[in-house]
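# I'd like to go over a predicted model; first the sequence, then the structure.
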Amino acid sequence: MKAIWNGEVIAESKETIIVEGNHYFPPSAIKSEHFQPSETHTVCGWKGTASYYDVIVNGQVNKDAAWFYPDTKEAANNIKGYVAFWKGVRVE
């Protein structure tokens, strides 16, 4: 699977985990030069508190376009630290 935004592959892995229709990429699969930590956090009742990244490609910023759970609730331990995408990031 590849995550693509603004014409650039920002993550790539053969071992994503699908949860609620989203592909979660292992942390080692993201190209860190395109990710900047965001101050945004949200809470999921069964997964825990999500943290976000801004995705940056060619000087353009896609605010909060990636999220991950640094500390999951027990039911979501399989995606701890894994990164998922939205806001126009194509996953194919």
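Looks like it came in fine.
# which one is N62 nearest to, not counting chain neighbours?
Nearest residue to N62, sequence neighbours excluded (C-beta to C-beta, 6 or more residues apart in numbering): V55, at 4.3 Å. For glycine as for every other residue, the C-beta is placed from the backbone atoms N, C-alpha and C.
# confirm that the one you found sits in a strand.
Yes: the assignment for V55 is a strand, going by DSSP: H, G, I helix; E, B strand; the rest coil.
# can you give me the strands in this protein?
Along the chain, counting by DSSP state E, strands occupy 2-5, 8-12, 17-19, 22-24, 35-44, 48-57, 60-68, 83-85, 90-91.
# looking at those strands, which is buried most?
Of all the strands of the chain, strand 83-85 has the most neighbours on average by mean count of other C-beta atoms under 10 Å, namely a mean of 25.
# ok, residues contacting that strand?
3, 5, 11, 19, 22-25, 27, 29-30, 53, 55, 65-68, 91 (C-beta atoms under 8 Å, 6 or more residues apart in numbering).
# check stretch 15-32 too.
1, 3, 9-13, 47, 66, 68, 76, 78-79, 81-86, 91.
# with stretch 48-59 instead?
Outside of stretch 48-59, the residues within contact range by C-beta under 8 Å, 6+ apart are 5-8, 10, 34-38, 40-44, 61-73, 76, 83, 85, 89.
# so how far is that stretch from its chain's centroid?
Offset of stretch 48-59 from its chain centre (C-alpha atoms, centre = their mean, to the nearest Å): 7 Å.
# just stretch 6-21 next, same as before
How far stretch 6-21 lies from its chain's middle: 8 Å, per C-alpha atoms, centre = their mean.
# can you get me the start-to-end distance on it?
End-to-end distance for stretch 6-21: 22 Å, by C-alpha to C-alpha, to the nearest Å.
# again with stretch 59-74
End-to-end distance (C-alpha to C-alpha), stretch 59-74: 38 Å.
# when you give positions from now on, start the count at 74
Understood, numbering begins at 74; the last thing we discussed is stretch 132-147.
# show me the shaky parts of the protein.
Along the chain, the model assigns pLDDT under 70 to no residue.
# mind listing what the residue lying closest to V82 once chain neighbours are set aside touches?
Once flanking residues are discounted, V82 sits nearest to K75: 5.2 Å by C-beta to C-beta, 6+ apart. Taking C-beta under 8 Å, 6+ apart, we find K75 in contact with 82, 84-85, 164-165.
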